[in-house]
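Novice: no sequence for this one, just the structure:
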């Protein structure tokens, strides 16, 4: 890929705003926004980042790629549920760009590749931000974005290293992997389990997710579901980078107090509470598809997948709740 | 057992009121109520039944068995969640009575037997009523109550026939079985699946429960869960009286219109909507326990059991929803 002198962030939610603000301090930063009003404010005010970083960057924003000119890197930072629509918008534009996807779960790269032959970089991010307005985001969790070449495409490890280097110099954290799958699948199996269980029970990530005493304890379900997912990873020769069960136990320790008061509300639970379509097709559904392809039984993933889809269906029913 | 000249109904919800009203036209009917106010109104006004039956019966009601004297038959018509407390109240009373349980699921007979050596009749009921007040119930679904001797106790088939005959003469429907388990397990496997799935998805019994097209369709889950339950029944030599999947398909046909507008709201879903403890321990949990005892894998039942228990736990969390 070209030396990166300009980037376009497609989708400026919390993650997209963090990328645009930070990268905008080093290279020309453009934003492809969905709303005209959002683009207008970004053009007038740029992006301000507070919290773990304190910075401001000018932004060139528009709602159509034709107004943005070419760039060297496009980061698609929408939710997985919006990637298809975004890729459709990008088709025929940014001919010299490499595209990086940052969605939860599996399968967004395939969707992007259907709309153009850009080299594609896969990534998973663990950073988080709080979006205070269209032009102000607070950098909260300063954990890394892990990235690697999408193995069915033409991006090289050198491309990934260049992007990771730029991200690190901008004040965010990135790590380049020759094969992202061990890291990607660690996060996938963590999220395909805890995110779907949270969505269906209305529980944030409380200690019950690691409880394994009585037969009805939720930790037994989380553990069995992750073990099932690990067998799907094993069947395709992926050695996990981190053990999802250990990630789960660590996540519910909640520091020294051990209280559940600040338990993390999963993104899918937030979607369910707001009756928005969830990312279950890219998380639990992705494991179900891979399991079927490989002939590995996955009854627990199938169950949670169907339950979350049925929960989404319940919003269309004319009923009291 | 004695010829039945007096009965006591413990718990006068919809089902209990239907039994008390109907049986009270043939024999002396007593009601063991939880609330003083309820007992007082029953003593003053009796029970009126409308709908499929039109009748009135005088009732002798109290909140303590000591005030009721002996009876020949006790029908425990509370929810499964209240059977332990009811049996504790009955301990030491009604020495000449046979006790009949009418709860959903498995395991209530064992609980009753811990508090006295009464002969016990098992039953499952498919009738339904709408409780309009403490003294007025509408008889809605006039389907039968199936009954048989509890096989670990001393009730005989002749006892069951006598009770069934009384119920039939009173205007309700009953059927006596020498071995109730084939009927009981048909209803158990139907309810352990559809009730828990409804509770966790907020869906009443809509057509989606029988849909089996795409991989994420809910009918696949219902079907797989019932097949799993059938393997648990088979392992103990029980040949089902009705196929639970066929019961499910029939139940979602909703007559000629095919609309979901009048889809049945499962009792566990009603409990969840009102944040009351559900009967999951006697339904899905009962299948989990039997599967473990017999060494039959039951991952889907385990999953739904743990999800419903986690849903109950979510009400104790201090959170926005």
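Specialist: Cool, got the structure. Quantities reported herein were computed from a predicted structural model and do not represent experimental measurements.

Novice: Helix, strand or coil: sort out the residue of chain A most remote from its centre for me.
Specialist: Among the C-alpha atoms of chain A, the one most distant from their mean position (Cα atoms, centre = their mean) is that of residue A:214, at 34.1 Å. Recorded secondary structure, residue A:214: coil (DSSP: H, G, I helix; E, B strand; the rest coil).

Novice: ok, now how distant is it from residue B:289?
Specialist: Residue A:214 sits 12 Å away from residue B:289, going by Cβ to Cβ, to the nearest Å. Any C-beta I mention is one placed from the backbone N, CA and C, and that applies to glycine too.

Novice: tell me, how many neighbours does the nearest residue to residue A:135 once chain neighbours are set aside end up with?
Specialist: Leaving out its chain neighbours, the residue that sits closest to residue A:135 by Cβ to Cβ, 6 or more residues apart in numbering or on different chains is residue A:45, at 4.5 Å. Using other Cβ atoms under 10 Å in any protein chain shown, residue A:45 has 15 other residues around it.

Novice: pLDDT wise, what is residue A:45 at?
Specialist: Listed pLDDT for residue A:45 reads 98.

Novice: ditto for the one 3 residues further on
Specialist: At residue A:48, the predicted lDDT confidence score is 98.

Novice: State the helix or strand in which it lies.
Specialist: strand A:47-51 (DSSP states H and E).

Novice: neighbouring contacts of the next helix or strand after that strand?
Specialist: Counting by DSSP H and E, the element after strand A:47-51 in chain order, helix or strand, is strand A:55-57. With Cβ atoms under 8 Å, 6 or more residues apart in numbering or on different chains as the test, strand A:55-57 has contacts from A:20, A:21, A:22, A:23, A:24, A:25, A:29, A:46, A:47, A:48, A:49, A:171.

Novice: Could you pull out the buried residues of strand A:55-57?
Specialist: For strand A:55-57, the neighbour count (16 or more other Cβ atoms under 10 Å in any protein chain shown) marks A:56, A:57 as buried.

Novice: and what of stretch A:26-45?
Specialist: Buried-residue list, stretch A:26-45, by 16+ other Cβ under 10 Å: A:26-34, A:38-39, A:41-43.

Novice: With distance to chain B and secondary structure as new columns, can those residues be given to me in JSON lines?
Specialist: As requested, the buried residues of stretch A:26-45 are exported to JSON lines (distance: Cβ to the nearest Cβ, whole Å; DSSP: H, G, I helix; E, B strand; the rest coil):
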{"residue": "A:26", "distance to chain B": "39", "secondary structure": "coil"}
{"residue": "A:27", "distance to chain B": "40", "secondary structure": "coil"}
{"residue": "A:28", "distance to chain B": "41", "secondary structure": "strand"}
{"residue": "A:29", "distance to chain B": "35", "secondary structure": "strand"}
{"residue": "A:30", "distance to chain B": "36", "secondary structure": "strand"}
{"residue": "A:31", "distance to chain B": "31", "secondary structure": "strand"}
{"residue": "A:32", "distance to chain B": "31", "secondary structure": "strand"}
{"residue": "A:33", "distance to chain B": "29", "secondary structure": "coil"}
{"residue": "A:34", "distance to chain B": "27", "secondary structure": "coil"}
{"residue": "A:38", "distance to chain B": "26", "secondary structure": "helix"}
{"residue": "A:39", "distance to chain B": "32", "secondary structure": "helix"}
{"residue": "A:41", "distance to chain B": "29", "secondary structure": "helix"}
{"residue": "A:42", "distance to chain B": "30", "secondary structure": "helix"}
{"residue": "A:43", "distance to chain B": "35", "secondary structure": "helix"}
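
Novice: In those residues, find the pair that's most separated.
Specialist: Taking Cβ to Cβ as the measure, the buried residues of stretch A:26-45 span a maximum distance of 25.3 Å, between A:26 and A:34.

Novice: quick one: the residue nearest to residue A:208 when sequence neighbours are not counted and residue B:7, what's the gap?
Specialist: Spatial nearest neighbour of residue A:208, chain neighbours left out: residue A:218 (4.7 Å); criterion: Cβ to Cβ, 6+ apart. Here residue A:218 is placed at a distance of 43 Å from residue B:7 (Cβ to Cβ).

Novice: Which one of these two is surrounded by more residues?
Specialist: More crowded of residue A:218 and residue B:7, by other Cβ under 10 Å: residue B:7, with 26 against 22.

Novice: what secondary structure does the more buried one sit in?
Specialist: Under three-state DSSP, residue B:7 comes out as strand.

Novice: Can you give me every residue that contacts the closest residue to residue A:223 other than its chain neighbours?
Specialist: Closest residue to residue A:223 apart from its sequence neighbours, by Cβ to Cβ, 6+ apart: residue A:245 at 5.8 Å. Residues in contact with residue A:245 (Cβ under 8 Å, 6+ apart) are A:222, A:223, A:226, A:227.

Novice: Selecting buried members of these in ChimeraX, what would you type?
Specialist: Selection of the buried residues among these in ChimeraX, burial being defined by 16+ other Cβ under 10 Å:
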select /A:222,223,226
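
Novice: Can you check the distance spanned by stretch A:203-223, start to finish?
Specialist: With Cα to Cα, to the nearest Å as the measure, stretch A:203-223 spans 17 Å from end to end.

Novice: Ignore what I typed, I meant stretch A:224-243.
Specialist: Start and end residues of stretch A:224-243 are separated by 13 Å (Cα to Cα).

Novice: And that stretch, what's buried?
Specialist: In stretch A:224-243, counting by 16+ other Cβ under 10 Å, buried: A:224, A:225, A:226, A:228, A:229, A:230, A:232, A:233, A:238, A:240, A:241.

Novice: what's the answer for stretch A:112-131, then?
Specialist: Those would be A:112-113, A:115-116, A:118-125, A:127-129, A:131, for stretch A:112-131 by 16+ other Cβ under 10 Å.

Novice: excluding its backbone neighbours, what's nearest residue A:46?
Specialist: residue A:58 (4.6 Å).

Novice: Pretty sure the one you found sits against residue A:24.
Specialist: Yes. Using Cβ atoms under 8 Å, residue A:58 is in contact with residue A:24, at 6.5 Å.

Novice: and those two? which has more neighbours close in?
Specialist: residue A:24 (24 against 13).

Novice: list the contacts for the more buried one?
Specialist: A:46, A:47, A:57, A:58, A:59.

Novice: gap between it and chain B?
Specialist: From residue A:24 over to chain B the distance is 34 Å, taken as Cβ to the nearest Cβ, to the nearest Å.
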